[in-house]
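Participant: Give me a model of this one.
(2 chains)
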Amino acid sequence: MVVTRIAPSPTGDPHVGTAYQALFDYIWAKKNGGKFIVRVEDTDQKRYDAESENKILELFGWLGLSYAEGPDLGGPHGPYRQSQRLELYRKYADQLIESGQAYRAFETPQELEAIRKELLEGGKRAGYDGRARNLEPEDSARRAQAKEPYVVRFKTPRQGTTVVQDELRGPVEFENLGLEDTVLLKADGFPTYHLAVVVDDHLMGVSDVIRGEEWLPSAPIHVLLYQALGWPQPKWYHLPLLLDPEGGKLSKRKGNASINRYREMGVLPQALLNYLGLMGWSFPDGREIFSLEEMAQVFTWERMSLGGSAFSWDKLKWFNGKYIREVLSLDELTQRIQPFLEKAGYTYSSEQYLKQVIEAMRARFETLQEFVDKSGYFFHDDYPTSEKALAKLKEGGAFLPELLELLTGLPDFLPETTEPALKGFAEAKGVKAGAVMQPLRAALTGSLETPGMFEILMLLGREPVLKRLARALPLLAD
RNA sequence: GGCCCCAUCGACUAGUGGUCAGGUCACCGCUCUUUCACAGCGGCGGCAGGGGUUCGAGUCCCCUUGGGGUCACCA
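Facilitator: Alright, predicted model coming up:
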């Protein structure tokens, strides 16, 4: 059975790269009728952020990437938090020491720093020179017994090469001499990523390891660890990296890697996933809009391209707009928008009214927040008037008093009534419709970018329209 | 710098030896039109360079260049 996993580390705001990897984990498992699981890699006590785990799990829910096992769900191979599996890592570290494939090292951080400097000056690579390999086993055991702090290091081979069979690029060869005696178990008893990932993936039955390309350089260590522990290798897939438009890995520091930030701006999970699905992968028939299910159905790794792809806010926004106007139903869209209106403090007389407004605005916003920003005049009277709108207002000001009179006399504000009335008015004045509509639009919305005039009149309704128009008249004076 | 990965329009990509190198975003025009959008139509724009292999290379090989990743008791 194909088992994939995402192993986020709870160190802050969830990263877009995490969603990206999770997407492919999810798709690959689904495509194969396998299982996608979540494991929390909380082995770094310094960077640990208590809220992060919940945020991450909650986000998978929001995205609709459901998992079969996880820290909140449990499962047959739990616990799914590495901090709760410490004995396991200790056990395998000990096993490796006993079999002579790992060893204790007692250097302090300061000493390591000195060694690193020394190596660098000697023209060699930085890192660790493996000097503790020479410790007598009895000596090593005695010092450990005496509670002297130590780390456990992997005894990497000094000869030959290690090949990582990457499913996306074929064999990737590494000189073993270039591999460091990586730390497996830290002095605090926590494992490093390298030990933990191998132990857990094996114990949890992970068959396909899908992760970012930044892991490729340390993949040979993992391959060697599987060998040292006598376990069968999983399949390796190193996904291309998501790049910052400015160059380099997409980073939180530059501010565009936070999923929550996109969520707060009103990006839809479906649109985000769809966009991410097109980063490095393409639908066989070239279509751009597709669901998770559709993607899972036709997914193959052959369609993966390996160059890193730059994350484009413009394109994400286009996808979001596409989902807003063509994919979501009006009901769904309304539900998505409601929390944003609530946050903005906007109220509306009925859901029916809200839906009509959304429908009228639909082609005019690409994020949910943008809807709020652009449609304030549908929800309250103290909307701002843009400079351009004010200019238009004055330009056509002469018509306004008559328009007020005309509208006051109309039996209703339905398009069938207002359209001939306003067009007839323009004609009578010998001007184009726009000369009448624009000032009116400015008066009623404070904006020059709105839905059609007749829709506005109908939605706003008689009283507000007349009120707003009357209110605009004094503005014409100055 | 060592090691590793990658390389088609500004961006995301299709291409798997023979295509006018196609699509999408962005940008620019036009159409529609009461504004702004949407939509439709059109345009701009690319195989990094050099060697090979081949009757024929964006497609295969090598070198150069460029970009990225990684070199922690972080993941």
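Participant: isn't residue A:442 right next to residue A:387, touching?
Facilitator: No. Residue A:442 is not in contact with residue A:387 according to CB atoms under 8 Å; the separation is 10.6 Å. C-beta here means a position set from N, CA and C on the backbone, and glycine is covered the same way.
Participant: Neighbour count for those two, which is higher?
Facilitator: Just comparing residue A:442 and residue A:387: by other CB atoms under 10 Å the higher neighbour count belongs to residue A:442, 27 against 7.
Participant: in the helix or strand hosting that one, what counts as buried?
Facilitator: Using DSSP states H and E, residue A:442 falls within helix A:433-445. For helix A:433-445, burial by neighbour count (16 or more other CB atoms under 10 Å) applies to A:435, A:436, A:437, A:438, A:439, A:440, A:441, A:442, A:443, A:444, A:445.
Participant: so what are the domain limits for chain A?
Facilitator: What automatic domain parsing lists as the domains of chain A is A:1-69+A:240-327, A:86-239, A:387-477.
Participant: Do me a favour and average the pLDDT over the first one.
Facilitator: Put plainly, it is domain A:1-69+A:240-327. Mean per-residue pLDDT for domain A:1-69+A:240-327: 95.
Participant: Kindly report the same for stretch A:107-115.
Facilitator: What stretch A:107-115 shows for mean pLDDT is 90.
Participant: Could I have the CA atoms of it written out in CSV?
Facilitator: Output in CSV follows, covering the C-alpha atoms of stretch A:107-115 (Å, rounded to 0.1, in the frame of the first residue of the first chain):
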residue,chain,number,x,y,z
GLU,A,107,32.6,17.6,22.1
THR,A,108,31.0,20.7,23.4
PRO,A,109,29.5,23.2,20.9
GLN,A,110,32.5,25.4,21.5
GLU,A,111,34.9,22.6,20.7
LEU,A,112,32.9,21.9,17.5
GLU,A,113,33.2,25.4,16.5
ALA,A,114,37.0,25.2,16.9
ILE,A,115,37.1,22.0,14.9
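Participant: Pull the residues that contact it.
Facilitator: A:128, A:129, A:131, A:132, A:149 (CB atoms under 8 Å, 6 or more residues apart in numbering).
Participant: Could you dump those residues into CSV and include pLDDT?
Facilitator: As requested, the contacts of stretch A:107-115 are arranged in CSV below (pLDDT from 0 to 100):
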residue, pLDDT
A:128, 90
A:129, 89
A:131, 92
A:132, 94
A:149, 96
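Participant: Quick one, which of the residues you listed are buried?
Facilitator: Counted by 16+ other CB under 10 Å, those give A:128, A:132 as buried.
Participant: Out of the contacts of stretch A:107-115, which comes closest to residue A:101?
Facilitator: residue A:132 (14.0 Å; CB to CB).
Participant: what comes up buried for stretch A:290-305?
Facilitator: Across stretch A:290-305, burial judged by 16+ other CB under 10 Å covers A:290, A:292, A:295, A:296, A:299, A:304.
Participant: what two of these are the furthest from one another?
Facilitator: The span of the buried residues of stretch A:290-305, defined through CB to CB, is set by A:292 and A:304 at 16.9 Å.
Participant: Now stretch A:65-85: buried residues?
Facilitator: By neighbour count with 16+ other CB under 10 Å, stretch A:65-85 contains the buried residues A:65, A:67, A:69, A:70, A:71, A:75, A:77, A:80, A:81, A:82, A:83, A:85.
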